[in-house]
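In: Kindly return the folded structure for what I paste below:
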Amino acid sequence: MRKLITALLLAVAPSLVFAAGGGIQLDHANIDVSNKEAIQRGAKTFVNYCLSCHSAAYMRYNRLGADAGMTDQQLKDNLIFTRNKKGEQTKVGELMKNAMTEDYAKEAFGTKVPDLTVIARSRGTDWLYTYLRTFYVDAGRPSGHNNKAFPDVGMPNVLWEMQGVQQAEIRVDDKGSRHVESLSIIKPGTHSVAEFDQVVNDLVTYLAYMGEPMQLERQSIGFWTLGFLLIFFVVAYMLKKEYWKDVH
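Out: Numbers count the residues shown, from 1 in each chain. Sure thing, here's the model as predicted:
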């Protein structure tokens with residue numbers, strides 16, 4: 001039994017390390033994808049600060065509107081700022097794409113800019129929440145910023161005006177590796193710490209919703225399915241006893 005437990009712990013250890021974001025302590029994101037207001041606020045932050053570089057090429061504006069309780073006119077007024085080649089506003093039935101080309105992204109950031117449709121499913125909401133809040137100034141980086149959760153990241157801190165400017169206390173170990181011990185605000189932003197945390201939480205909520213818009217319906221169907229299987233099991237067991245009572 002002891003060997004079996006040891007084997008199971010070794011088997012899940014890699015996934016636990018990945019979930020912890022490469023050894024750093026992740027902050028917990030308070031995500032509720034049933035909160036339509038949070039999704040609306042997060043979507044607004046996404047289109048204003050993320051969509052100019054990152055696309056969400058598997059999400060349609062009208063699907064977001066239907067799920068978040070927004071009309072087509074509200075989408076046009078608050079979320080759709082891109083235009084087609086003719087200069088016309090992007091239609092509500094179109095995908096959330098941008099004009100960033102792969103060649104320009106490599107020139108500007110040194111790498112292809114990832115699509116964010118399923119980033120919450122890939123990275124996890126706690127990792128995203130931690131990542132978006134742990135940028136700090138680093139004169140050695142091309143963008144002038146680095147990140148505790150994603151060291152040497154090519155992305156700048158696009159939310160710095162709200163958050164302010166953070167400074168990191170760095171510890172260098174015996175092997176020469178750098179470790180961020182703590183972060184502190186050296187130049188306040190337009191938002192307090194609590195207000196900025198709420199902005200990021202709403203953004204991550206939207207990313208979590210976008211990664212699987214059907215998740216609430218899937219969970220509901222799952223409960224009904226389990227209930228049906230439970231009732232069916234009782235009926236099947238009673239039938240089995242009835243059919244085999246003469247044999248036993």
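
In: And the strands in the chain, which stretches?
Out: With DSSP state E, the ranges of strands along the chain come out as 56-60, 95-96, 135-137, 145-147, 164-172, 178-188.

In: Please identify which of the ones you listed is closest to residue 107.
Out: Proximity to residue 107 (CB to CB) singles out strand 145-147 among those, at 18.7 Å. In short, each C-beta sits where N, CA and C put it, glycine included.

In: and the residue nearest to residue 118 when sequence neighbours are not counted, how many residues sit next to it?
Out: Of all residues not flanking residue 118 in the chain, residue 211 sits nearest, at 4.7 Å (CB to CB, 6 or more residues apart in numbering). Residue 211 has 21 neighbouring residues, counting by other CB atoms under 10 Å.

In: doesn't residue 120 make contact with residue 211?
Out: Yes: at 4.2 Å, residue 211 counts as touching residue 120 under the criterion of CB atoms under 8 Å.

In: Common neighbours of those two, please.
Out: Residues within reach of residue 211 and of residue 120 at once, by CB atoms under 8 Å, 6 or more residues apart in numbering: there are none.

In: related to what we said a few turns ago, tabulate the strands of the chain (CSV), appending distance to residue 229 and mean pLDDT.
Out: Below are the strands of the chain laid out as CSV (distance: least, CB to CB, whole Å; pLDDT from 0 to 100):
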stretch, distance to residue 229, mean pLDDT
strand 56-60, 32, 93
strand 95-96, 37, 92
strand 135-137, 47, 96
strand 145-147, 45, 94
strand 164-172, 51, 92
strand 178-188, 48, 92
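
In: hey, which helix or strand in the chain has the poorest pLDDT?
Out: helix 2-19 (a mean of 42; mean pLDDT, DSSP states H and E).

In: Find the residue at the geometric middle of the protein.
Out: residue 120 (3.1 Å; CA atoms, centre = their mean).

In: Next, work out how far apart the spatially closest residue to residue 126 that is not a sequence neighbour and residue 128 are.
Out: Nearest-residue entry for residue 126: residue 26, 4.3 Å, with adjacent residues in sequence omitted and distances by CB to CB, 6+ apart. With the distance defined as CB to CB, to the nearest Å, residue 26 ends up 10 Å from residue 128.

In: Residue 242 too?
Out: Distance, residue 242 to residue 128, by CB to CB: 55 Å.

In: just to revisit the earlier point, contacts only, for the residue nearest to the centre of the chain.
Out: Contacts of residue 120 by CB under 8 Å, 6+ apart are 128, 204, 207, 208, 210, 211.

In: Just the pLDDT for the second one.
Out: Residue 204 carries a pLDDT score of 97 in this model.

In: Run a quick neighbour tally on it.
Out: Residues near residue 204, counting by other CB under 10 Å, number 28.

In: same thing with the first one?
Out: Here the neighbour count serves as a burial measure; for residue 128 (other CB under 10 Å) it reads 23.

In: do you know how far it is from residue 95?
Out: 21 Å.

In: ok, now the fifth one?
Out: Here residue 210 is placed at a distance of 12 Å from residue 95 (CB to CB).

In: Could you do the third one as well?
Out: Residue 207 sits 16 Å away from residue 95 when distances are taken as CB to CB.

In: And for the last one?
Out: Taking CB to CB as the measure, residue 211 and residue 95 are separated by 15 Å.

In: quick revisit: same list (the strands of the chain) but as JSON lines, adding mean neighbour count and distance to residue 219.
Out: Output for the strands of the chain, formatted as JSON lines (neighbours: other CB atoms under 10 Å; distance: least, CB to CB, whole Å):
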{"stretch": "strand 56-60", "mean neighbour count": "18", "distance to residue 219": "20"}
{"stretch": "strand 95-96", "mean neighbour count": "20", "distance to residue 219": "24"}
{"stretch": "strand 135-137", "mean neighbour count": "22", "distance to residue 219": "34"}
{"stretch": "strand 145-147", "mean neighbour count": "22", "distance to residue 219": "32"}
{"stretch": "strand 164-172", "mean neighbour count": "15", "distance to residue 219": "37"}
{"stretch": "strand 178-188", "mean neighbour count": "12", "distance to residue 219": "36"}
